[in-house]
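1. what follows is a predicted structure for the sequence shown.
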Amino acid sequence: NFWYAAQVLLRARDRLAPRVLVAAATCATALFAFPVPVARCVRRAADFQGFLLSLHLSALAFFLFSYHVHEKAILVPLAPLLLLGPDSTLATYRDAFSLAAAVSVSPLLFFENLAAPYLATLLLFILTLDDTRLRRLAALLVFPIVSALSALPLLLPVADTRFPDLYPALTALFFAALFGAACLLLNLLELSRLLLARPSTFRAATKQHS
């Protein structure tokens, strides 16, 4: 998450006291977790898709900015997206986020010697994606890269160098930036939608889903 990236790039844990880091993690989590749900309550927006997106953004904020999280915690922000229907306007984002979440835990599964079943399952998931462009991109780019990464530590071992965790660290840094950008962008888009839309829009959405 963000604090792992901050430790790798800035050595934040070595330079700051634990209480300072805990306070910063609490403030950052609150800053990204609460604005959208609060705005939904203020505007009385009751559309189901927006509710699931609020759950997703709150969980994603906790994953990114909490003081201590595990890689598998990415399943928590993924869970609300899985309740979206196939015709949802967020369906492509859901599939892309699912793919990114699956790839982000690859170092953990490679470490547990689960490369073969992981890659087979990942390929099966890619082949079942609804979005043709996303499926083609994943099959031609994402899957070959992940497959190469599974073999890279064997071809270029770094365990005996000064950077024993180089490959997991690079993966974590990349997905911290990716998930962070998604969290920031979606928060801004949803806040602008909630704050600028007319109340009648939410009432119509509520009647449509009732």
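-> Everything's here; your move.
2. going by C-alpha atoms from here, please, whenever you check contacts or count neighbours.
-> Noted.
3. tell me the centre residue of the protein?
-> Most central residue of the chain, judged by C-alpha distance to the mean C-alpha position with CA atoms, centre = their mean, is F179 at 4.3 Å.
4. who are the neighbours in contact with it?
-> Neighbour list for F179: L60, L64 [criterion: CA atoms under 8 Å, 6 or more residues apart in numbering].
5. surely T26 touches H68?
-> No. Assessed by CA atoms under 8 Å, T26 is found out of contact with H68, at 11.1 Å.
6. picking up where we left off before, and the residue nearest to the centre of the chain, which helix or strand is it part of?
-> Counting by DSSP states H and E, the secondary-structure element that holds F179 is helix 166-196.
7. ok, now T92?
-> Secondary-structure element containing T92, defined by DSSP H and E: helix 91-104.
8. ranges for the strands of the chain?
-> Listed in chain order, the strands found in the chain under DSSP state E amount to none.
9. show me where pLDDT drops low in it?
-> In the predicted model of the chain, residues 151-164, 198-210 satisfy pLDDT under 70.
10. try it again with 80
-> For the chain, the stretches flagged by pLDDT under 80 are 1, 3-4, 6-16, 46, 68, 148-168, 197-210.
11. would you map the helices across it?
-> With DSSP state H as the criterion, the chain has helices at 2-10, 12-15, 18-33, 35-43, 48-65, 75-81, 91-104, 106-111, 115-127, 132-137, 143-155, 166-196, 199-209.
12. hey, which of the ones you listed is tucked in deepest?
-> The densest packing among the helices of the chain, expressed as mean neighbour count by mean count of other CA atoms under 10 Å, is seen in helix 48-65 with a mean of 22.
13. just how off-centre is it within its chain?
-> 10 Å (CA atoms, centre = their mean, to the nearest Å).
14. ok and the helix holding F179 relative to helix 91-104, angle-wise?
-> With axes from the mean of the first three to the mean of the last three CA atoms, to 10 degrees as the criterion, the two stretches helix 166-196 and helix 91-104 enclose an angle of 160 degrees.
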